[in-house]
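S.K.: fold the following.
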Amino acid sequence: MGNYAQKTRNQPLVLFEVLDNGFKKTTYICKQTTRQLCPKGVRVLFQVLDDGLKKIAYRCKQTICQLYPKGVLANILWVFFIVIIALTTTHYATAQSGKDWGGELSQDTIFLSEDNPHRINENLIVPEGMTLTIMPGTEVRFSNTASLIVRGKLLAEGTPTQTLHFTWRDTGDYWREIIFDESTSLNRITYAEIEYMMGIESQDSNLTLQNSIIHDTDGDAVRCDGGTIILQRNQIYNVMHKDHGCEGIQINKMPIERPALILDNYIHHINDDCVDINDSTVIMERNIIHGCGDKGISI
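M.R.: Sure thing, here's the model as predicted:
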């Protein structure tokens with residue numbers, strides 16, 4: 001904004017005037033230096049930047065009315081009041097940071113780590129033809145009634161230094177499942193920690209789960225019914241339910257032309273079978289299995 005008020009004797013020059021919630025805020029500025037244009041004893045009251053425009057308010061050390069026109073002191077106090085409200089609001093927004101999700105996605109969606117945490121308050125559905133991409137370092141928190149249901153495509157890929165985190169929203173309330181429901185897309189979960197849930201279920205879908213940790217589940221940690229699955233370099237542990245047995249990995253209905261691949265996993269402390277294979281072809285190599293409540297591998 002340009003200067004629009006004329007200079008008056010023994011007074012600073014008006015730089016701009018604005019209205020905010022009905023209160024006029026008037027800011028003054030000396031055109032060159034304080035010593036040259038402002039009366040003796042003037043000092044800076046506050047200084048901020050707004051859209052690249054420097055705003056400086058001055059006041060006299062002696063009596064305010066000697067320097068400022070009538071009403072200016074009240075205007076400055078309103079400025080401080082508004083700044084305090086803004087700071088309080090900013091703090092509240094930070095405390096409530098993150099994003100809330102639920103329902104069916106209407107377009108391809110990306111979860112970014114800078115928006116953490118992502119709260120899933122009800123079932124989040126990735127419909128056929130849509131992709132949900134979860135970027136490295138992202139944290140996703142689920143309510144105790146929420147599942148992630150994938151009918152389209154899920155790309156949840158962390159890195160060794162920026163893992164993904166899938167966990168409960170409310171401490172003590174286990175969330176439900178990640179369900180792949182007849183998704184023939186190339187779904188991937190890598191470098192993720194998945195905890196405090198019922199389990200991961202793949203139904204006639206395509207899933208690769210690698211370099212991840214699945215623990216403290218209230219049902220089978222990973223269950224596959226048909227489709228294709230690769231489980232590689234994962235750790236699965238603390239799988240149990242107080243009333244019934246739970247499997248670390250359960251494989252069902254995998255034909256000989258599409259064998260399940262279970263490679264280089266560490267599976268331990270499971271309250272039923274560590275691996276349960278039913279009517280399926282499975283290739284298992286280099287897995288470490290112990291602490292099974294029933295069988296290590298049940299066929």
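
S.K.: the helices in this protein, which residues?
M.R.: 34-37, 64-67, 72-95 (DSSP state H).

S.K.: what's the neighbour count on the residue lying closest to Leu263 once chain neighbours are set aside?
M.R.: Nearest non-adjacent residue to Leu263, counting by C-beta to C-beta, 6 or more residues apart in numbering: Gln232, 4.5 Å away. From N, CA and C alone the C-beta is placed, and that goes for glycine too. The tally of other residues near Gln232 (other C-beta atoms under 10 Å) stands at 18.

S.K.: check the one 3 residues further on too.
M.R.: For Gln235, the neighbour count with other C-beta under 10 Å is 15.

S.K.: what sits closest to Ser113 if chain neighbours are left out?
M.R.: Here the residue nearest Ser113, using C-beta to C-beta, 6+ apart, is Gly137, at 3.5 Å.

S.K.: so who does the one you found touch?
M.R.: Applying C-beta atoms under 8 Å, 6 or more residues apart in numbering to Gly137 gives the contacts Ser113, Asn116, Gly158, Gln162, Thr163, Leu164.

S.K.: check contacts around the last one.
M.R.: Right, Leu164. 134, 136-140, 156-158, 189, 191-193.

S.K.: ok, 10 Å please
M.R.: 111, 113, 134-140, 156-158, 189-194, 212 (C-beta atoms under 10 Å, 6 or more residues apart in numbering).

S.K.: tell me how far it lies from Asp272.
M.R.: For Leu164, the distance to Asp272 equals 27 Å [C-beta to C-beta, to the nearest Å].

S.K.: re earlier: beta partners for the residue nearest to Leu263?
M.R.: Gln232 has these beta-bridge partners by DSSP bridges: Gln210, Leu263.

S.K.: doesn't Ile134 make contact with Val140?
M.R.: Yes - using C-beta atoms under 10 Å, Val140 is in contact with Ile134, at 6.9 Å.

S.K.: identify the contacts common to those two.
M.R.: Contacts common to Val140 and Ile134, judged by C-beta under 10 Å, 6+ apart, are Phe111, His118, Leu148, Ala156, Leu164, Phe166, Ala192.
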